[in-house]
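>>> Here is a sequence with its predicted model. Questions after.
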Amino acid sequence: MRVLLELSKILQAAARRRAVLAPLLSLLFTSPVFAAQQPAEAYDTVVIVDFPSPSSSGFWPVLKSELERSETPKLLTASALWITRDEFQKGMESKHGYEILLHGDCRMAASGASRNPPRGPLGWVLMVNGQIQPFVHVDCDRVRQMLHRELRDKTIAERRRILARAVSRIVVHEMTHIVTQSPLHGASGLEKARVSSSDLLAYKTD
């Protein structure tokens with residue numbers, strides 16, 4: 001889990017796309033024009049979760065529950081709304097907007113997972129022109145690799161719960177970078193630069 005300061009060409013292109021999308025999302029969240037067209041409830045914060053494919057939708061209820069129970073709401077506000085991209089509607093008003101982009105296979109349809117340690121970060125955010133962008137990236141494939149022992153011989157429901165808890169803890173880590181606008185890491189708990197499977201699955205965190 002890290003803040004990517006020096007980006008490859010691919011990441012630079014993604015950062016530029018996200019940098020362009022950021023003000024657009026802000027406009028969607030705050031524009032009174034949409035509110036006039038379609039009245040909707042206003043929230044202080046809206047967090048959009050973007051799945052890599054529609055087939056991952058079965059993972060959403062479990063992940064949403066873990067996100068709402070995690071430390072993330074404390075970083076944001078009690079009025080945060082957690083929705084998928086498909087659930088986003090014109091007219092939703094919010095002061096703050098964030099997006100969680102999941103990569104890889106989040107379906108948990110297969111019980112197997114590589115025993116090799118993951119290559120690359122489990123989660124990351126991008127810094128563009130000194131600003132940490134409001135987009136959290138999490139790689140489900142790498143998380144599954146890290147948790148291969150915990151996922152082994154489990155039912156689909158159990159694997160979803162384990163993966164959801166780990167992803168929610170990674171989101172806490174990356175959201176802290178965004179909210180504080182700091183790339184620094186802590187000495188303990190979820191704010192360490194490198195976390196263990198125990199850190200990601202513990203019922204209580206530091």
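Yep, it's here.

>>> elements contacting the top helix by length along the chain?
If you go by DSSP state H, the chain has its longest helix at helix 156-180. On a contact count with 3 or more CB pairs under 8 Å, 6 or more residues apart in numbering; DSSP states H and E, helix 156-180 meets helix 60-69, helix 72-75, strand 93-103, strand 123-128, strand 135-139, helix 140-146, helix 148-151, helix 197-201. Heads up, the C-betas are built off the backbone N, CA and C, glycines and all.

>>> Adding mean pLDDT and mean neighbour count, write these out as JSON lines.
As requested, the helices and strands packed on helix 156-180 are arranged in JSON lines below (pLDDT from 0 to 100; neighbours: other CB atoms under 10 Å):
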{"stretch": "helix 60-69", "mean pLDDT": "92", "mean neighbour count": "18"}
{"stretch": "helix 72-75", "mean pLDDT": "82", "mean neighbour count": "18"}
{"stretch": "strand 93-103", "mean pLDDT": "90", "mean neighbour count": "20"}
{"stretch": "strand 123-128", "mean pLDDT": "96", "mean neighbour count": "20"}
{"stretch": "strand 135-139", "mean pLDDT": "96", "mean neighbour count": "24"}
{"stretch": "helix 140-146", "mean pLDDT": "91", "mean neighbour count": "21"}
{"stretch": "helix 148-151", "mean pLDDT": "90", "mean neighbour count": "17"}
{"stretch": "helix 197-201", "mean pLDDT": "90", "mean neighbour count": "16"}
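
>>> Rebuild these as JSON lines, extending it with distance to Thr45.
Compiled in JSON lines, those are given as follows (distance: least, CB to CB, whole Å):
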{"stretch": "helix 60-69", "distance to Thr45": "12"}
{"stretch": "helix 72-75", "distance to Thr45": "9"}
{"stretch": "strand 93-103", "distance to Thr45": "4"}
{"stretch": "strand 123-128", "distance to Thr45": "17"}
{"stretch": "strand 135-139", "distance to Thr45": "13"}
{"stretch": "helix 140-146", "distance to Thr45": "24"}
{"stretch": "helix 148-151", "distance to Thr45": "31"}
{"stretch": "helix 197-201", "distance to Thr45": "24"}
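
>>> wait, which of those is closest to His173?
Nearest to His173 among the helices and strands packed on helix 156-180 is strand 123-128; the distance by CB to CB comes to 6.4 Å.

>>> List the neighbouring strands of the closest one plus their orientation.
Counting by DSSP bridges, the strands paired with strand 123-128 are strand 2-4 (parallel), strand 131-132 (antiparallel), strand 135-139 (antiparallel).

>>> Glu158: which of the helices and strands packed on helix 156-180 is closest?
Each of these has some distance to Glu158 by CB to CB; the shortest is helix 148-151, at 8.2 Å.

>>> Just the C-alpha atoms of the closest one, please, in PDB.
Once non-C-alpha atoms are left out, helix 148-151 reads as follows in PDB (Å, rounded to 0.1, in the frame of the first residue of the first chain):
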ATOM      1  CA  HIS A 148      -4.300 -17.600   0.300                       C
ATOM      2  CA  ARG A 149      -4.000 -19.500   3.600                       C
ATOM      3  CA  GLU A 150      -7.000 -17.800   5.100                       C
ATOM      4  CA  LEU A 151      -9.100 -18.400   2.000                       C
END
